[in-house]
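Asker: model this:
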Amino acid sequence: MIIYACSSNPGKLKEIALAGRESGPPGISVEILPALKSIAPPEENGNTFEENACAKALYYSRFTSEAVLADDSGLEVDWLQGAPGVYSARYAGPDATDEANNELLIRNLRNATDRTGRFVCVVALARQGRLLHSAGASVEGVILAAARGNGGFGYDPLFFYLPFNRTFAELTAEEKLSVSHRGKALRLMFEWLRGNSD
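Answerer: Next comes the predicted model:
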């Protein structure tokens with residue numbers, strides 16, 4: 001069985017493919033949707049990560065007869081009442097870069113006395129317009145006042161993971177996947193697939 005990963009974010013695609021290789025069920029291959037680059041990404045206007053993930057999976061499922069996997073994820077900061085949340089990718093504007101988003105977050109937290117937050121991820125699986133399953137997970141951390149590390153993407157350089165005493169941008173891809181919101185959500189999805197792949 002082939003599952004096609006669908007995202008306009010190359011960092012997410014790499015993590016989903018790595019998760020498939022590391023913990024995907026036997027007989028299931030996770031690959032990137034072949035025509036993905038030629039498909040305009042869908043609108044993300046849901047109020048929750050789950051709404052967006054399901055909408056994206058259903059949208060991309062129109063372009064193949066195989067199952068497709070999509071995710072929606074972001075950073076929730078307690079001092080900012082959960083922002084940037086579902087707007088994480090466009091926190092600094094519709095076409096914001098990771099750097100611009102991080103700079104705005106640093107500015108908005110300059111007087112913060114609570115820097116706790118979490119990454120949240122929901123992954124959704126669909127086939128030919130039918131939602132099959134969704135799974136979500138989160139990971140807690142502390143938001144730093146300055147970026148550290150050169151790996152990862154998005155807010156990883158600011159997300160300090162206490163058990164490893166490093167930011168997500170300072171972890172290897174395998175280390176990050178072992179503890180991250182996306183890694184956890186994908187493992188839950190693969191666990192579901194093991195019992196529902198007939």
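
Asker: every contact and neighbour count from this point should use C-alpha atoms.
Answerer: Fine.

Asker: where do the helices sit along this protein?
Answerer: Under the criterion DSSP state H, helices of the chain are mapped to 10-23, 49-60, 98-108, 173-179, 181-195.

Asker: who are the packing partners of the longest one?
Answerer: This means helix 181-195. helix 10-23, strand 116-127, strand 130-143, helix 173-179 (3 or more Cα pairs under 8 Å, 6 or more residues apart in numbering; DSSP states H and E).

Asker: now what about the first one, what contacts it?
Answerer: Here helix 10-23 makes contact (Cα atoms under 8 Å, 6 or more residues apart in numbering) with 5-7, 29-32, 152-153, 173, 177, 182-183, 186-187, 190.

Asker: any buried residues in that helix, and which?
Answerer: Judged by neighbour count (16 or more other Cα atoms under 10 Å), helix 10-23 contains these buried residues: K12, L13, E15, I16, A17, L18, A19, G20.

Asker: then stretch 44-57?
Answerer: With burial defined by 16+ other Cα under 10 Å, the residues of stretch 44-57 counted as buried are E44, F49, E50, E51, N52, A53, C54, A55, K56, A57.

Asker: which residues touch the residue nearest the centre of the chain?
Answerer: What sits nearest the mean C-alpha location of the chain, by Cα atoms, centre = their mean, is S73, with 4.1 Å. Contacts for S73 were tallied using Cα under 8 Å, 6+ apart; they are F49, V86, S88, F119, V120, C121, V122, R182.

Asker: I'd like the distance between the residue lying closest to the last one once chain neighbours are set aside and A35.
Answerer: Here the nearest residue to R182 in space, its sequence neighbours aside, is C121; by Cα to Cα, 6 or more residues apart in numbering that works out to 5.5 Å. Between C121 and A35 the computed distance is 24 Å (Cα to Cα, to the nearest Å).

Asker: neighbour-wise, which of these two wins?
Answerer: C121 (25 against 10; other Cα atoms under 10 Å).

Asker: so who does that one touch?
Answerer: Contacts of C121 by Cα under 8 Å, 6+ apart are F49, D71, D72, S73, G74, G136, A137, S138, H181, R182, A185.

Asker: same question for L188.
Answerer: Residues near L188 by Cα under 8 Å, 6+ apart: A135, G136.
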